[in-house]
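# kindly generate the corresponding structure for this input.
(one chain, ligands or ions: 2)
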Amino acid sequence: MGDESTFLEQNCLPSTCYLRMNRYPPCPKYSHVFGLMPHTDSDFLTILFQDQVGGLQLVKDGKWISVKPNPEALIVNIGDLFQAWSNGMYKSVEHRVVTNQKMERFSTAYFLCPSYDAVIQSYKERPLYRKFSFREYRQQVQDDVKDFGHKIGLPRFLIRS
Ligand SMILES: O=C(O)CCC(=O)C(=O)O
Ligand SMILES: [Fe+2]
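Residues are numbered from 1 along each chain as shown. Ligands and ions are numbered 1, 2, ... in the order given. Sure, this is the predicted structure:
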C-alpha cells in the first residue's frame, strides 16, 4: 500500500471518488420508517453535508445519537476501508437517517474510494483482516445483500486466530 502518509491522496482520485445527493421526502405517517437504514460506508472516508432539518444519527458507546445539524460544517465519517487499513484503530461508524414528519431533507455525501484494483491491507504485525482488493470488497457486499438481505462487511475478512 506504499507510504501511509500519502496513501489516500495517491489512491482516492477524482475519477474513483463519487458524490451522492440525497433527498428525503417528509414522512407524515410512519415515524418508525428510516430515510436510510443503519449501515457503514464501504469507502475510506465520507465527507457529508446535511441541511438544517437533521435526521442523521450514529452509534456512540452502543447508543444511537443525533448529529446536530450545522449547515456551516462538514461531517467526516470513517468508512470500512479505513478501519481495515488502520487495523481497527479507527472504526467505521454505523449511521442511519430518521425521517422528518413535516420537512423535506437534503444531504450530500462525497465518498473517498480507491480504484477497484487497489489492495487494502494493514502493515501491522498482526493484521486483523486479510488483504483484499476494493473490487473484491464491493463484490462481497453485493453478494451478501443478495443472499442474506443485508451487508456483512468487514467481519467477512477477519483473520481467525
Ligand atoms: O443523508 C445523510 O445524512 C447520510 C447519507 C449516508 O449515510 C450515505 O449516503 O451513505
Ligand atoms: Fe452512509
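# residue of the protein closest to ligand 1, please.
Closest residue of the chain to ligand 1, C-beta to the nearest ligand atom: residue 107 (3.3 Å). Backbone N, C-alpha and C define where each C-beta goes, glycine included.
# how is that residue assigned, secondary-structure-wise?
Classification of residue 107 by DSSP: H, G, I helix; E, B strand; the rest coil places it in strand.
# ranges for the helices of the chain?
Residue ranges of the helices in the chain, as given by DSSP state H, are 7-11, 80-85, 134-148.
# closest one to residue 37 among those?
helix 134-148 (11.2 Å; C-beta to C-beta).
# tell me what the closest one is packed against?
helix 80-85 (3 or more C-beta pairs under 8 Å, 6 or more residues apart in numbering; DSSP states H and E).
# restricting to C-alpha, output the helix it packs on in PDB.
Provided in PDB are the C-alpha atoms of helix 80-85 (Å, rounded to 0.1, in the frame of the first residue of the first chain):
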ATOM      1  CA  ASP A  80     -14.800   0.300   6.300                       C
ATOM      2  CA  LEU A  81     -11.600   0.600   4.300                       C
ATOM      3  CA  PHE A  82     -10.100   3.000   6.800                       C
ATOM      4  CA  GLN A  83     -10.900   0.600   9.600                       C
ATOM      5  CA  ALA A  84      -9.200  -2.300   7.800                       C
ATOM      6  CA  TRP A  85      -6.200  -0.200   6.700                       C
END
